[in-house]
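Undergrad: With the sequence up front, the predicted model follows.
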Amino acid sequence: MPAVSVAPPRNSPGVPMRFPVRAALAGAALLFAPQALATNYTLWIHGKNSGGTKQGNYADFSAWGPASTAAGVNKKAVNWDGRQRIGGQNAYIRDALDCYCTGDNWCYIAVHSAGNLQIGYALALYGGSARYKKNAIPNSSGVCGNTDGKTQTGWNIKWVNVASGAAGGSELADMGEWAVKDPIVSDLVTTTARAMYNHNTTRGIRFNMFAGAKGTVYSGLLPGQDDDAVSYHSTGGVSGSAGGAYCNPSDWFCNDLTTGTTACEGGRAKWTNHFVKFRDDGESHGHGANGKWEGIVGKVRADMVTNAK
């Protein structure tokens, strides 16, 4: 009996697909292709310092402590010359925000002391501007490339943790107790710091305030409770054109700094979206990190490890 030739089924191995079938499957592959994953970053913005960190170097944590220490998801150090005035250095903060907090990426922000002025200044004056979406790949100057050439309004920030915030200034600057050769000292005068920008303009982002109270050497010069450099009126985000005396509830001689967003004892409100998350009732947290993530910075670091994921 002669062999019968049977044609293989359509699109079986060895038989080319018809063009419409190939096109349909290619389209489906594109439809279900994995998209670029959104990434969360933790940005650390230091305060007044000796200028030892290199601007644009996001790996240099020498202002804080060992870089190997856990401090939030994908941590980056936002370095600027901490001797110079806020306005002249703020571009370095905006470069970092553009790099890591645009497009599909989101940021958690941690700041210390005058770093509070830096993030507040950036948000109030530039947080409503058009920002190019960046690729989170910085060059040697800390500037990242554009992704698709499109812009967005402001930055993607979940919240800001503030360790001993100096956005309300410090009486040490008022009295010239800090080295006057550093231009930033003039920005830290209480009336100057409070008038630098609208502190109520946070673009809807919450500022979690961590207020230390271990004051020692300079405590006699600072009103109310302090951490040896900045008083509760500033570290607690208390509003007004000048500072005031605010204390822990155990102190009967001045008004209490309240937790949360409620007005302080005596009626003075906090700035909008400023939330006192930690008040140092035990008076055990000082101002400086001391190169070891210490003091009130250590309290914020622990919070970032827990919540910045």
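TA: That came through fine. Here the structure is a predicted model, which is why all the values come from computation and not from measurement. Numbering: from 1, shown residues only.
Undergrad: which residues of the protein fall in strands?
TA: Ranges of strands in the chain, per DSSP state E, are 40-45, 75-78, 106-112, 130-138, 144-153, 157-163, 207-211, 246-247, 255-256, 274-279.
Undergrad: distance of the residue nearest to the spatial centre of the chain from residue 177?
TA: For the chain, the residue nearest the mean C-alpha position is residue 109 (2.2 Å; CA atoms, centre = their mean). In this view, residue 109 and residue 177 are 29 Å apart by CB to CB, to the nearest Å. Yep, even glycine has a C-beta here, placed from its N, CA and C like the rest.
Undergrad: now residue 47
TA: Using CB to CB, we find residue 47 at a distance of 16 Å from residue 177.
Undergrad: The two: who's more crowded?
TA: residue 47 (27 against 16; other CB atoms under 10 Å).
Undergrad: Helices along the protein, start to end?
TA: In the chain, the segments counted as helices under DSSP state H are 19-31, 86-100, 115-126, 171-174, 184-187, 190-195, 232-235, 295-307.
Undergrad: CA atoms of the second one as PDB?
TA: Backbone C-alpha positions of helix 86-100 (Å, rounded to 0.1, in the frame of the first residue of the first chain) are rendered in PDB as follows:
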ATOM      1  CA  ILE A  86      21.200  77.800  52.200                       C
ATOM      2  CA  GLY A  87      20.100  79.400  48.900                       C
ATOM      3  CA  GLY A  88      23.600  79.000  47.300                       C
ATOM      4  CA  GLN A  89      23.700  75.300  48.100                       C
ATOM      5  CA  ASN A  90      20.100  74.300  47.600                       C
ATOM      6  CA  ALA A  91      20.800  73.200  44.000                       C
ATOM      7  CA  TYR A  92      22.500  70.100  45.300                       C
ATOM      8  CA  ILE A  93      19.400  69.100  47.200                       C
ATOM      9  CA  ARG A  94      17.200  69.700  44.100                       C
ATOM     10  CA  ASP A  95      19.600  67.600  42.000                       C
ATOM     11  CA  ALA A  96      19.200  64.700  44.400                       C
ATOM     12  CA  LEU A  97      15.500  65.100  44.500                       C
ATOM     13  CA  ASP A  98      15.300  65.100  40.700                       C
ATOM     14  CA  CYS A  99      17.600  62.000  40.500                       C
ATOM     15  CA  TYR A 100      15.800  59.800  43.000                       C
END
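Undergrad: so where's the chain shaky on pLDDT?
TA: Scanning the chain for pLDDT under 70 picks out 1-36, 178-180, 218.
Undergrad: Identify the residue spatially nearest to residue 213, adjacent ones excluded.
TA: Closest residue in space to residue 213, ignoring its immediate chain neighbours: residue 280 at 3.8 Å, by CB to CB, 6 or more residues apart in numbering.
Undergrad: right, and residue 266 touches residue 255 too?
TA: Yes - counting by CB atoms under 8 Å, residue 255 is a contact partner of residue 266 at 3.9 Å.
Undergrad: which one of these two has more residues nearby?
TA: residue 255 (19 against 12).
Undergrad: tell me the contacts of that one?
TA: Applying CB atoms under 8 Å, 6 or more residues apart in numbering, we find residue 255 in contact with 244, 245, 246, 247, 264, 265, 266, 268.
Undergrad: Tell me how many other residues surround the second one.
TA: With neighbours defined by other CB under 10 Å, the count for residue 245 comes to 18.
Undergrad: again, but for the fourth one
TA: Other residues within reach of residue 247 by the criterion other CB under 10 Å amount to 22.
Undergrad: same question, the fifth one
TA: When neighbours are defined as other CB under 10 Å, residue 264 has 22 of them.
Undergrad: That one and residue 279: what is the separation?
TA: Distance from residue 264 to residue 279, by CB to CB: 11 Å.
Undergrad: what does the last one give?
TA: Relative to residue 279, residue 268 is positioned 15 Å away (CB to CB).
Undergrad: okay, those two: which has more neighbours?
TA: Taking other CB under 10 Å, residue 268 and residue 279 do not tie; residue 279 has more neighbours (24 against 17).
Undergrad: For residue 250, the count of nearby residues, please.
TA: Counted by other CB under 10 Å, the residues lying close to residue 250 total 10.
Undergrad: No more questions from me, cheers.
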